[in-house]
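[1] A predicted structure for the sequence below; I have some questions about it.
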Amino acid sequence: MSTRNLVVFCGAVLVFALVIWPGITRYDQMRMGDNVFPVRVNRFTSETQILMGATWVRAAAAAPLDDPVTRNSKAESSSNPLEQFLRPTSVPDSSLAVDFEALAAETTVLRIRLRDAIVAQEAYFAESHTYANDATRLALKSQPGSRLTIAKADAKGWSATIISTSFGISCSMFVGNPFFFAIGPAKVEAVPVCGMR
């Protein structure tokens, strides 16, 4: 009787350890500049995915630590501890590999462009007593690889979306009452929110 109870107890502990705790995936976060990306790692396969907007994107595989190319490039690399993790070397499906440093840089550029649009819209409002409903009316420099669109504008506020054509990133922002002008995932006035299209 006690052997049977011991086997049942060990089986329950094993099922609990495998299924419930700690779970198949481990969650963490990665910070690159001003951007914070949620990361999940499969405990069994070590597959790493990073949340971009509402989509989990598989991270590029890093070179093995015993790879002579990696070992030699470590001495020459910058002080960024994530550089080796983010450097794609051999990925089974290279279409899924993402250059996260370039992605983070592009996201930062798009956010800056939306903040520049605030300044341009306020200058337009000072002259016209309404906000511009077309981005071409604003005093903004043209940026290759991105497209700024004013979704809605009147004298009380405006909303805009900027899209990176090369990375597929979309950032949204609004100024004014959120009930009338909130767009996409943006819920706080004058705070750009970005994600993958």
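    Alright, I've got the coordinates. Numbering: from 1, shown residues only.
[2] Is residue 166 in contact with residue 145, as I believe?
    Yes: Residue 166 is in contact with residue 145 according to CB atoms under 8 Å; the separation is 4.9 Å. Where C-beta positions appear, they are placed from N, C-alpha and C, glycine not excepted.
[3] Show me the shaky parts of this structure.
    1, 17-23, 31-34, 53-54, 60-98 (pLDDT under 70).
[4] Going along the chain, name the helices of the chain.
    For the chain, helices defined by DSSP state H occupy the ranges 2-15, 68-76, 83-86, 100-128, 178-181.
[5] how about JSON lines for those helices, with mean neighbour count and distance to residue 59 added?
    Shown next, in JSON lines, are those (neighbours: other CB atoms under 10 Å; distance: least, CB to CB, whole Å):
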{"stretch": "helix 2-15", "mean neighbour count": "9", "distance to residue 59": "31"}
{"stretch": "helix 68-76", "mean neighbour count": "10", "distance to residue 59": "16"}
{"stretch": "helix 83-86", "mean neighbour count": "16", "distance to residue 59": "7"}
{"stretch": "helix 100-128", "mean neighbour count": "17", "distance to residue 59": "7"}
{"stretch": "helix 178-181", "mean neighbour count": "14", "distance to residue 59": "34"}
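[6] Kindly present those as TSV, with separate columns for distance to residue 192.
    TSV is the format used below for these (distance: least, CB to CB, whole Å):
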stretch	distance to residue 192
helix 2-15	46
helix 68-76	35
helix 83-86	23
helix 100-128	4
helix 178-181	14
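[7] What's the separation between residue 42 and residue 48?
    Per CB to CB, to the nearest Å, residue 42 is found 8 Å from residue 48.
[8] Please name the residues that touch the spatially most central residue of the chain.
    By CA atoms, centre = their mean, the chain has its centre lying nearest to residue 52, at 3.6 Å. Residues near residue 52 by CB atoms under 8 Å, 6 or more residues apart in numbering: 37, 98, 103, 169, 195, 196.
[9] let's see 7 Å
    195, 196 (CB atoms under 7 Å, 6 or more residues apart in numbering).
[10] What distance do you get for it to residue 142?
    26 Å.
[11] my guess is residue 26 meets residue 41, correct?
    Yes: Residue 26 lies in contact with residue 41 (CB atoms under 7 Å); the separation is 4.9 Å.
[12] The two: which is more packed in?
    Taking other CB atoms under 10 Å, residue 26 and residue 41 do not tie; residue 41 has more neighbours (15 against 12).
[13] Pairing partners for the more buried one in the sheet, please.
    Counting by DSSP bridges, residue 41 is bridged to residue 26, residue 48.
[14] List the contacts of it.
    Applying CB under 7 Å, 6+ apart, the residues near residue 41 are 25, 26, 48.
[15] any idea how far it lies from residue 52?
    Taking CB to CB as the measure, residue 41 falls 16 Å from residue 52.
[16] just residue 175 next, same as before
    25 Å.
[17] How about residue 11?
    40 Å.
[18] and if you look at residue 157?
    28 Å.
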